[in-house]
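S.K.: predicted coordinates and the sequence they were generated for:
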Amino acid sequence: MKLYLISLATGALVGIIYSLLNVRSPAPPVIALLGLLGMLVGEQVVPAVKRMVAGEPITMTWFRTECVPKITGAPPATVKAFGQTEASDVEKKLS
């Protein structure tokens, strides 16, 4: 989470500098970013449908380990007994 906040703060700082210099940001508009998010979410529909067709359940554990890391870019959590998750070593070092 710390990395996301640092990234947001850095982006805001660059935006302020661009504004002070009267330079237009090369970043895509919000509508394009929402489209990219939709693409990431949409990519997870096919594995879910394949799983349903195969008669396998779509559980929260499966969703957390297979879909969430691909959508958020976060490292996958390690699955423990009874559906509990533990943060990966990489995630622990980043927080």
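M.R.: Great, that's in hand. Numbering: from 1, shown residues only.

S.K.: just the CA atoms of stretch 53-71, as PDB, please.
M.R.: Output in PDB follows, covering the C-alpha atoms of stretch 53-71 (Å, rounded to 0.1, in the frame of the first residue of the first chain):
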ATOM      1  CA  VAL A  53     -17.700 -25.000 -17.800                       C
ATOM      2  CA  ALA A  54     -15.300 -27.500 -16.300                       C
ATOM      3  CA  GLY A  55     -17.600 -27.800 -13.200                       C
ATOM      4  CA  GLU A  56     -15.100 -26.300 -10.900                       C
ATOM      5  CA  PRO A  57     -16.300 -23.800  -8.300                       C
ATOM      6  CA  ILE A  58     -15.300 -20.100  -8.300                       C
ATOM      7  CA  THR A  59     -14.200 -19.500  -4.700                       C
ATOM      8  CA  MET A  60     -12.900 -16.400  -3.000                       C
ATOM      9  CA  THR A  61      -9.600 -18.300  -2.600                       C
ATOM     10  CA  TRP A  62      -9.300 -18.900  -6.300                       C
ATOM     11  CA  PHE A  63     -10.300 -15.300  -7.100                       C
ATOM     12  CA  ARG A  64      -7.700 -13.900  -4.600                       C
ATOM     13  CA  THR A  65      -4.900 -16.100  -5.900                       C
ATOM     14  CA  GLU A  66      -5.600 -16.100  -9.600                       C
ATOM     15  CA  CYS A  67      -7.500 -12.900 -10.500                       C
ATOM     16  CA  VAL A  68      -6.600 -10.200  -7.900                       C
ATOM     17  CA  PRO A  69      -2.800 -10.300  -8.600                       C
ATOM     18  CA  LYS A  70      -3.400 -10.000 -12.300                       C
ATOM     19  CA  ILE A  71      -5.800  -7.000 -11.900                       C
END
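
S.K.: hey, where'd the strands end up in the chain?
M.R.: 78-79, 85-86 (DSSP state E).

S.K.: off-centre distance for stretch 32-51?
M.R.: Offset of stretch 32-51 from its chain centre (C-alpha atoms, centre = their mean, to the nearest Å): 12 Å.

S.K.: show the end-to-end separation of that stretch, please.
M.R.: Terminal residues of stretch 32-51 are spaced 30 Å apart (C-alpha to C-alpha, to the nearest Å).
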